[in-house]
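>>> missing the sequence, but the structure's below:
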């Protein structure tokens, strides 16, 4: 269990960092004010990089301003980076002491458990070899099995979970302390929903959406847990029923157990897809509605069509125009709303 927990924590770190980097791809408001007659420099190259350590370390040195997505990605990779950027230096001992102390203590207890687990596995291997060798004589293995240090396993698992929770809290604290020029900030709303479903909707002032998303997530997670338990149950029954000399004598046949195993595995996978879809939906909802927070629809909804002269190197040209290209003529369609 503790190995799965560590894998989940590491996978979460990678996903958070990757999602934070992708959150840098924001809509540009000035795109709505461009026209076909705007001249652009066709030789200019756009900065398409989503994340760079040079930008991050420049921000940590307070030489440049970081976007919230860059700061969040940096904090996901380097715990405490957000606190440094926000000049909350007094929090650093708490961050490193908390994460380091919990993770170190958890690793120590898990190491103690793994030592006893290794000794127990070696005992089981030796016992099986002895019994197979002297099965005809009916001899029993003369040594007692070593005890597993389950108390250390429990302590280590809880301490590692605490380290993961502390890490999550440092990310949330960094976003909360970030000073944004725009409210609501779409990047902040997105990261809020990534860290805690529904928090982005609370930040946007859309409280009525929180019970909808939380209700959907709770139902899908409940189905996920129940379907997985049933899948594990019938998987175990099928394995026992098809294993020779297992002593299986229950009323459920191997074919029936296999059928239920496959059904509940499919239901479990559907539940996983539903949970992921709802989680992604509430993240996108927080981002989009933060962008549209100040969007107003005018009472004067109209459309205009007029002739236009389109230069070769306009703002919407996909490729640079060849040398000697001339203006094109067309129609400009305007929509007021």
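All right, it came through fine. All figures in this text were calculated on a predicted structure; none of them were measured in a lab. Residues are numbered from 1 along each chain as shown.
>>> which residue sits closest to residue 300, ignoring its sequence neighbours?
Distance criterion CB to CB, 6 or more residues apart in numbering; nearest residue to residue 300, sequence neighbours excluded, is residue 336 at 6.0 Å. Any C-beta I mention is one placed from the backbone N, CA and C, and that applies to glycine too.
>>> burial count for the one you found?
Around residue 336 there are 9 other residues, counting by other CB atoms under 10 Å.
>>> what's near enough to touch it?
298, 300-304 (CB atoms under 8 Å, 6 or more residues apart in numbering).
>>> so residue 210 makes contact with residue 204?
No: Residue 210 lies out of contact with residue 204 (CB atoms under 8 Å); the separation is 10.6 Å.
>>> hmm, residue 153 is touching residue 109, no?
Yes: checked against CB under 8 Å, the pair residue 153 and residue 109 is within contact range at 7.4 Å.
>>> between those two, which contacts overlap?
Between them, residue 153 and residue 109 share no contacting residue, judged by CB under 8 Å, 6+ apart.
>>> average pLDDT for stretch 200-215?
Averaged over stretch 200-215, pLDDT sits at 94.
>>> run the chain-centre distance for it.
Centroid separation between stretch 200-215 and its chain, computed with CA atoms, centre = their mean, to the nearest Å, is 19 Å.
>>> follow-up on the earlier one: quickly note the distance from the residue nearest to residue 300 to residue 233.
As for residue 336, its distance to residue 233 is 62 Å (criterion: CB to CB, to the nearest Å).
>>> with residue 216 instead?
For residue 216, the distance to residue 233 - CB to CB - is 26 Å.
>>> element containing residue 56?
helix 53-60 (DSSP states H and E).
>>> could you pull out the buried residues of the helix or strand just after that helix?
For helix 53-60, the following helix or strand on the C-terminal side (DSSP H and E) is helix 68-77. Buried residues in helix 68-77, counted by 16 or more other CB atoms under 10 Å: 68-77.
>>> swap in stretch 281-291?
By neighbour count on 16+ other CB under 10 Å, the buried set for stretch 281-291 is 282-283, 285-287, 289-291.
>>> in the protein, what spans have low per-residue confidence?
Applying pLDDT under 70 to the chain picks out residues 1-50, 245-246, 296-299, 314-318, 321, 337.
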